[in-house]
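>>> Sequence and predicted structure are below.
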Amino acid sequence: MDFSGKHILVTGASRGIGKATAIEFAKKGGIVGLNYRSNQKEAEKTLSELPGKGHQLFQKDIGKKENCQELINEFVGSHGQLDVLVNNAGISIFHEIDKVDFDHWTHAWEETFKTNLFAAANMSYWAAQAMMKTGGGRIVNVSSRGAFRGEPTKPAYGASKAALNAMTQSLAKKLAPHHIYLGVVAPGFTETEMAAKTLTPMERGNLLRESPFQRMAQPKEVAHAILFLASEGAEYSSGTIIDVNGASYLRS
Ligand SMILES: NC(=O)c1ccc[n+]([C@@H]2O[C@H](COP(=O)([O-])OP(=O)(O)OC[C@H]3O[C@@H](n4cnc5c(N)ncnc54)[C@H](OP(=O)(O)O)[C@@H]3O)[C@@H](O)[C@H]2O)c1
(Lines give C-alpha, C1' and ligand atoms only; values in the text may rest on other atoms or scores of the structure.)
Protein backbone atom coordinates (compact mmCIF):
# COMPACT_ATOMS: atom_id res chain seq x y z
CA MET A 1 0.00 0.00 0.00
CA ASP A 2 1.32 3.40 -0.98
CA PHE A 3 -0.03 6.66 0.39
CA SER A 4 2.68 8.92 -1.05
CA GLY A 5 1.33 12.43 -1.46
CA LYS A 6 -2.01 11.56 0.17
CA HIS A 7 -3.38 13.86 2.85
CA ILE A 8 -4.91 11.95 5.74
CA LEU A 9 -6.76 13.15 8.83
CA VAL A 10 -7.04 10.79 11.81
CA THR A 11 -9.27 11.75 14.74
CA GLY A 12 -8.19 10.68 18.22
CA ALA A 13 -4.62 10.23 17.05
CA SER A 14 -2.72 11.22 20.22
CA ARG A 15 -2.64 7.63 21.47
CA GLY A 16 -3.90 4.07 20.99
CA ILE A 17 -5.31 2.91 17.67
CA GLY A 18 -5.31 6.44 16.21
CA LYS A 19 -1.62 6.84 16.98
CA ALA A 20 -0.72 3.49 15.40
CA THR A 21 -2.81 4.37 12.35
CA ALA A 22 -1.09 7.74 11.92
CA ILE A 23 2.32 6.07 12.17
CA GLU A 24 1.43 3.38 9.60
CA PHE A 25 0.09 5.96 7.12
CA ALA A 26 3.22 8.07 7.56
CA LYS A 27 5.46 5.01 7.03
CA LYS A 28 3.74 4.52 3.67
CA GLY A 29 4.31 8.12 2.54
CA GLY A 30 1.08 9.72 3.80
CA ILE A 31 0.99 13.27 5.16
CA VAL A 32 -1.02 13.07 8.34
CA GLY A 33 -3.13 15.45 10.42
CA LEU A 34 -3.45 14.21 13.99
CA ASN A 35 -6.54 15.32 15.84
CA TYR A 36 -6.84 14.97 19.61
CA ARG A 37 -9.05 16.40 22.35
CA SER A 38 -6.77 17.62 25.15
CA ASN A 39 -3.74 15.41 25.73
CA GLN A 40 -1.17 17.71 24.14
CA LYS A 41 1.88 16.01 25.59
CA GLU A 42 0.93 12.63 24.11
CA ALA A 43 -0.06 14.26 20.82
CA GLU A 44 3.32 16.00 20.52
CA LYS A 45 5.09 12.75 21.33
CA THR A 46 3.11 10.96 18.61
CA LEU A 47 3.87 13.71 16.10
CA SER A 48 7.59 13.37 16.86
CA GLU A 49 7.42 9.62 16.13
CA LEU A 50 5.99 10.00 12.62
CA PRO A 51 8.46 9.46 9.77
CA GLY A 52 8.37 11.94 6.88
CA LYS A 53 7.42 15.58 6.69
CA GLY A 54 4.34 17.82 6.71
CA HIS A 55 2.46 16.13 9.56
CA GLN A 56 0.48 18.41 11.85
CA LEU A 57 -1.48 18.45 15.11
CA PHE A 58 -5.09 19.62 15.33
CA GLN A 59 -6.39 20.08 18.86
CA LYS A 60 -10.22 20.04 18.72
CA ASP A 61 -12.97 18.49 20.76
CA ILE A 62 -14.98 17.02 17.90
CA GLY A 63 -17.86 16.22 20.26
CA LYS A 64 -18.77 19.90 19.67
CA LYS A 65 -20.39 20.10 16.26
CA GLU A 66 -18.94 23.51 15.30
CA ASN A 67 -15.43 22.11 15.79
CA CYS A 68 -15.94 19.51 13.06
CA GLN A 69 -16.37 22.09 10.33
CA GLU A 70 -13.45 24.08 11.74
CA LEU A 71 -11.24 21.00 11.79
CA ILE A 72 -11.92 20.08 8.15
CA ASN A 73 -11.50 23.72 7.07
CA GLU A 74 -8.20 24.07 8.92
CA PHE A 75 -6.94 20.77 7.54
CA VAL A 76 -7.86 21.62 3.94
CA GLY A 77 -6.54 25.16 4.46
CA SER A 78 -3.08 23.91 5.28
CA HIS A 79 -2.94 20.63 3.30
CA GLY A 80 -4.84 21.77 0.21
CA GLN A 81 -7.00 18.63 0.08
CA LEU A 82 -8.37 15.77 2.17
CA ASP A 83 -7.89 12.31 0.67
CA VAL A 84 -8.66 10.12 3.69
CA LEU A 85 -10.59 10.71 6.90
CA VAL A 86 -10.34 8.16 9.70
CA ASN A 87 -13.07 8.63 12.31
CA ASN A 88 -11.30 6.90 15.17
CA ALA A 89 -11.91 9.08 18.25
CA GLY A 90 -14.13 7.27 20.72
CA ILE A 91 -15.02 7.02 24.37
CA SER A 92 -16.64 4.39 26.58
CA ILE A 93 -18.43 5.03 29.87
CA PHE A 94 -19.68 2.38 32.29
CA HIS A 95 -23.41 2.73 33.04
CA GLU A 96 -24.98 -0.50 34.21
CA ILE A 97 -28.76 -0.13 34.23
CA ASP A 98 -29.15 -1.89 37.59
CA LYS A 99 -26.43 0.17 39.30
CA VAL A 100 -26.50 3.81 38.17
CA ASP A 101 -28.92 6.67 38.83
CA PHE A 102 -30.83 8.31 36.00
CA ASP A 103 -28.47 11.30 35.74
CA HIS A 104 -25.50 9.00 35.24
CA TRP A 105 -27.51 6.96 32.73
CA THR A 106 -28.48 9.95 30.57
CA HIS A 107 -25.02 11.51 30.85
CA ALA A 108 -23.42 8.29 29.56
CA TRP A 109 -25.80 8.07 26.59
CA GLU A 110 -25.38 11.72 25.63
CA GLU A 111 -21.58 11.85 25.94
CA THR A 112 -21.03 8.51 24.20
CA PHE A 113 -23.21 9.40 21.26
CA LYS A 114 -21.66 12.88 20.94
CA THR A 115 -18.19 11.45 20.36
CA ASN A 116 -18.78 7.99 18.89
CA LEU A 117 -21.61 8.80 16.48
CA PHE A 118 -22.42 12.50 16.09
CA ALA A 119 -18.76 13.52 15.73
CA ALA A 120 -18.24 10.86 13.05
CA ALA A 121 -21.44 11.98 11.26
CA ASN A 122 -20.44 15.66 11.42
CA MET A 123 -16.85 14.97 10.37
CA SER A 124 -18.14 12.84 7.48
CA TYR A 125 -20.47 15.65 6.39
CA TRP A 126 -17.70 18.24 6.11
CA ALA A 127 -15.19 15.73 4.74
CA ALA A 128 -17.64 14.74 2.00
CA GLN A 129 -18.14 18.40 1.05
CA ALA A 130 -14.36 18.80 0.70
CA MET A 131 -13.89 15.47 -1.12
CA MET A 132 -16.69 16.15 -3.61
CA LYS A 133 -14.82 19.29 -4.68
CA THR A 134 -11.62 17.35 -5.38
CA GLY A 135 -13.16 14.34 -7.11
CA GLY A 136 -13.40 11.84 -4.25
CA GLY A 137 -11.84 10.32 -1.15
CA ARG A 138 -12.11 7.65 1.55
CA ILE A 139 -13.66 7.58 4.99
CA VAL A 140 -12.86 4.78 7.44
CA ASN A 141 -14.82 4.53 10.67
CA VAL A 142 -13.57 2.70 13.75
CA SER A 143 -16.40 0.76 15.32
CA SER A 144 -16.23 -2.19 17.71
CA ARG A 145 -17.05 -5.84 18.22
CA GLY A 146 -19.41 -4.44 20.87
CA ALA A 147 -21.79 -3.35 18.11
CA PHE A 148 -22.66 -7.00 17.49
CA ARG A 149 -22.25 -8.98 20.66
CA GLY A 150 -23.94 -6.70 23.23
CA GLU A 151 -22.30 -4.49 25.85
CA PRO A 152 -24.14 -5.11 29.14
CA THR A 153 -21.99 -2.69 31.17
CA LYS A 154 -21.82 0.01 28.46
CA PRO A 155 -25.02 -0.21 26.37
CA ALA A 156 -24.58 3.27 24.90
CA TYR A 157 -21.17 2.23 23.59
CA GLY A 158 -22.55 -0.84 21.78
CA ALA A 159 -25.49 1.16 20.41
CA SER A 160 -23.27 4.02 19.22
CA LYS A 161 -21.02 1.60 17.33
CA ALA A 162 -23.98 -0.27 15.76
CA ALA A 163 -25.31 3.11 14.60
CA LEU A 164 -21.86 4.01 13.26
CA ASN A 165 -21.88 0.81 11.18
CA ALA A 166 -25.33 1.60 9.80
CA MET A 167 -24.36 5.18 9.01
CA THR A 168 -21.26 4.01 7.17
CA GLN A 169 -23.28 1.62 5.03
CA SER A 170 -25.86 4.29 4.17
CA LEU A 171 -23.15 6.76 3.19
CA ALA A 172 -21.28 4.11 1.20
CA LYS A 173 -24.36 3.80 -1.02
CA LYS A 174 -24.97 7.53 -1.22
CA LEU A 175 -21.40 8.63 -1.87
CA ALA A 176 -20.12 5.96 -4.29
CA PRO A 177 -21.28 8.01 -7.31
CA HIS A 178 -19.12 10.85 -5.92
CA HIS A 179 -16.09 8.50 -5.76
CA ILE A 180 -16.10 8.56 -1.98
CA TYR A 181 -15.62 5.11 -0.47
CA LEU A 182 -16.36 4.15 3.12
CA GLY A 183 -15.59 1.24 5.37
CA VAL A 184 -15.65 0.14 8.97
CA VAL A 185 -13.03 -1.58 11.07
CA ALA A 186 -14.52 -3.30 14.12
CA PRO A 187 -11.82 -4.23 16.64
CA GLY A 188 -12.16 -6.47 19.63
CA PHE A 189 -10.20 -5.54 22.75
CA THR A 190 -6.98 -3.84 21.75
CA GLU A 191 -3.98 -3.01 23.94
CA THR A 192 -4.63 0.72 24.50
CA GLU A 193 -5.43 3.00 27.41
CA MET A 194 -9.16 2.51 26.78
CA ALA A 195 -8.80 -1.24 27.30
CA ALA A 196 -6.49 -0.80 30.31
CA LYS A 197 -8.95 1.58 32.02
CA THR A 198 -12.06 -0.50 31.47
CA LEU A 199 -10.83 -3.96 32.51
CA THR A 200 -10.37 -5.53 35.92
CA PRO A 201 -7.64 -8.24 36.08
CA MET A 202 -10.37 -10.92 36.20
CA GLU A 203 -12.14 -9.47 33.16
CA ARG A 204 -8.81 -9.32 31.37
CA GLY A 205 -8.20 -13.01 32.04
CA ASN A 206 -11.70 -13.95 30.82
CA LEU A 207 -11.27 -11.83 27.79
CA LEU A 208 -7.98 -13.37 26.77
CA ARG A 209 -9.68 -16.77 26.85
CA GLU A 210 -12.34 -15.56 24.36
CA SER A 211 -9.86 -15.58 21.51
CA PRO A 212 -8.05 -18.69 20.26
CA PHE A 213 -5.06 -16.34 19.98
CA GLN A 214 -5.23 -15.90 23.80
CA ARG A 215 -4.28 -12.26 23.48
CA MET A 216 -5.67 -8.83 22.61
CA ALA A 217 -5.08 -7.04 19.32
CA GLN A 218 -2.13 -4.71 19.01
CA PRO A 219 -3.08 -1.22 17.74
CA LYS A 220 -0.91 -1.82 14.67
CA GLU A 221 -3.07 -4.80 13.65
CA VAL A 222 -6.17 -2.58 13.67
CA ALA A 223 -4.28 0.09 11.72
CA HIS A 224 -3.45 -2.49 9.05
CA ALA A 225 -7.17 -3.03 8.30
CA ILE A 226 -7.79 0.73 8.30
CA LEU A 227 -5.03 1.26 5.74
CA PHE A 228 -6.45 -1.47 3.54
CA LEU A 229 -9.87 0.21 3.39
CA ALA A 230 -8.23 3.57 2.63
CA SER A 231 -5.99 2.15 -0.09
CA GLU A 232 -6.29 2.23 -3.85
CA GLY A 233 -7.89 -0.96 -5.05
CA ALA A 234 -10.27 -1.25 -2.06
CA GLU A 235 -13.02 0.81 -3.75
CA TYR A 236 -15.35 -2.15 -4.37
CA SER A 237 -15.15 -3.07 -0.67
CA SER A 238 -17.04 0.15 0.12
CA GLY A 239 -19.67 -0.45 2.83
CA THR A 240 -17.85 -3.42 4.32
CA ILE A 241 -17.07 -4.08 7.98
CA ILE A 242 -13.75 -5.73 8.78
CA ASP A 243 -13.56 -7.54 12.13
CA VAL A 244 -10.21 -7.43 13.90
CA ASN A 245 -11.01 -9.50 16.96
CA GLY A 246 -8.79 -12.59 16.85
CA ALA A 247 -11.77 -14.85 15.99
CA SER A 248 -13.25 -14.12 19.42
CA TYR A 249 -16.65 -13.20 18.00
CA LEU A 250 -17.57 -14.54 14.59
CA ARG A 251 -20.58 -13.11 12.80
CA SER A 252 -22.43 -15.06 10.13
N1 LIG B 1 -9.10 -0.28 22.74
C2 LIG B 1 -10.05 -1.17 22.48
O3 LIG B 1 -10.08 -2.24 23.09
C4 LIG B 1 -11.08 -0.90 21.42
C5 LIG B 1 -11.91 -1.95 21.01
C6 LIG B 1 -12.86 -1.74 20.02
C7 LIG B 1 -12.99 -0.48 19.47
N8 LIG B 1 -12.19 0.54 19.88
C9 LIG B 1 -12.40 1.86 19.27
O10 LIG B 1 -11.18 2.32 18.71
C11 LIG B 1 -11.12 3.74 18.77
C12 LIG B 1 -9.82 4.15 19.44
O13 LIG B 1 -9.77 3.55 20.72
P14 LIG B 1 -8.46 3.58 21.63
O15 LIG B 1 -8.54 2.39 22.51
O16 LIG B 1 -7.27 3.81 20.79
O17 LIG B 1 -8.78 4.87 22.53
P18 LIG B 1 -7.86 5.67 23.57
O19 LIG B 1 -6.53 5.03 23.74
O20 LIG B 1 -8.72 5.92 24.76
O21 LIG B 1 -7.64 7.07 22.79
C22 LIG B 1 -8.77 7.84 22.47
C23 LIG B 1 -8.37 8.92 21.50
O24 LIG B 1 -9.55 9.65 21.12
C25 LIG B 1 -9.36 11.03 21.42
N26 LIG B 1 -10.66 11.61 21.74
C27 LIG B 1 -11.60 11.18 22.61
N28 LIG B 1 -12.66 12.02 22.60
C29 LIG B 1 -12.38 12.99 21.69
C30 LIG B 1 -13.07 14.15 21.24
N31 LIG B 1 -14.27 14.48 21.71
N32 LIG B 1 -12.46 14.94 20.30
C33 LIG B 1 -11.24 14.61 19.80
N34 LIG B 1 -10.54 13.52 20.18
C35 LIG B 1 -11.11 12.73 21.13
C36 LIG B 1 -8.35 11.06 22.56
O37 LIG B 1 -7.71 12.35 22.65
P38 LIG B 1 -6.93 12.81 24.01
O39 LIG B 1 -5.69 11.95 24.10
O40 LIG B 1 -6.61 14.24 23.80
O41 LIG B 1 -7.88 12.54 25.15
C42 LIG B 1 -7.41 9.95 22.10
O43 LIG B 1 -6.57 10.42 21.08
C44 LIG B 1 -12.38 4.18 19.53
O45 LIG B 1 -13.36 4.57 18.62
C46 LIG B 1 -12.79 2.93 20.26
O47 LIG B 1 -14.18 2.90 20.53
C48 LIG B 1 -11.23 0.36 20.84
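Sure, I can see it.
>>> residues contacting Ala89?
11-12, 18, 35, 37, 62, 115, 119 (CB atoms under 8 Å, 6 or more residues apart in numbering). (Glycine included, C-beta is placed from N, CA and C.)
>>> Counting neighbours, which of the residues you listed comes out on top?
Ranked by neighbour count (other CB atoms under 10 Å), the contacts of Ala89 have Asn35 at the top, with 32 neighbours.
>>> Helix, strand, or coil at it?
Secondary structure, DSSP: H, G, I helix; E, B strand; the rest coil: Asn35 is strand.
>>> Now intersect the contacts of Ala89 with the helices, please.
Counting by DSSP state H, the contacts of Ala89 place 18, 119 in helices.
>>> Make JSON lines out of the contacts of Ala89 and add pLDDT and distance to Glu193.
As requested, the contacts of Ala89 are exported to JSON lines (pLDDT from 0 to 100; distance: CB to CB, whole Å):
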{"residue": "Thr11", "pLDDT": "98", "distance to Glu193": "16"}
{"residue": "Gly12", "pLDDT": "98", "distance to Glu193": "11"}
{"residue": "Gly18", "pLDDT": "98", "distance to Glu193": "11"}
{"residue": "Asn35", "pLDDT": "98", "distance to Glu193": "17"}
{"residue": "Arg37", "pLDDT": "98", "distance to Glu193": "13"}
{"residue": "Ile62", "pLDDT": "98", "distance to Glu193": "18"}
{"residue": "Thr115", "pLDDT": "98", "distance to Glu193": "15"}
{"residue": "Ala119", "pLDDT": "98", "distance to Glu193": "19"}
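>>> filter the contacts of Ala89 by proximity to the ligand?
Residues of these in contact with the ligand (CB under 6 Å from any ligand atom): 11-12, 18, 35, 37, 62, 115.
>>> Let me know the closest of the contacts of Ala89 to Gly136.
Looking at the contacts of Ala89 and their distance to Gly136, the nearest is Thr11, at 20.0 Å (CB to CB).
>>> Dig out what Asn87 forms beta bridges with.
Asn141 (DSSP bridges).
>>> just checking, it touches Ile139?
Yes - counting by CB atoms under 8 Å, Ile139 is a contact partner of Asn87 at 6.8 Å.
>>> quick one, which of the two is more surrounded?
Using other CB under 10 Å as the criterion, Asn87 and Ile139 rank with Asn87 on top: 31 against 28.
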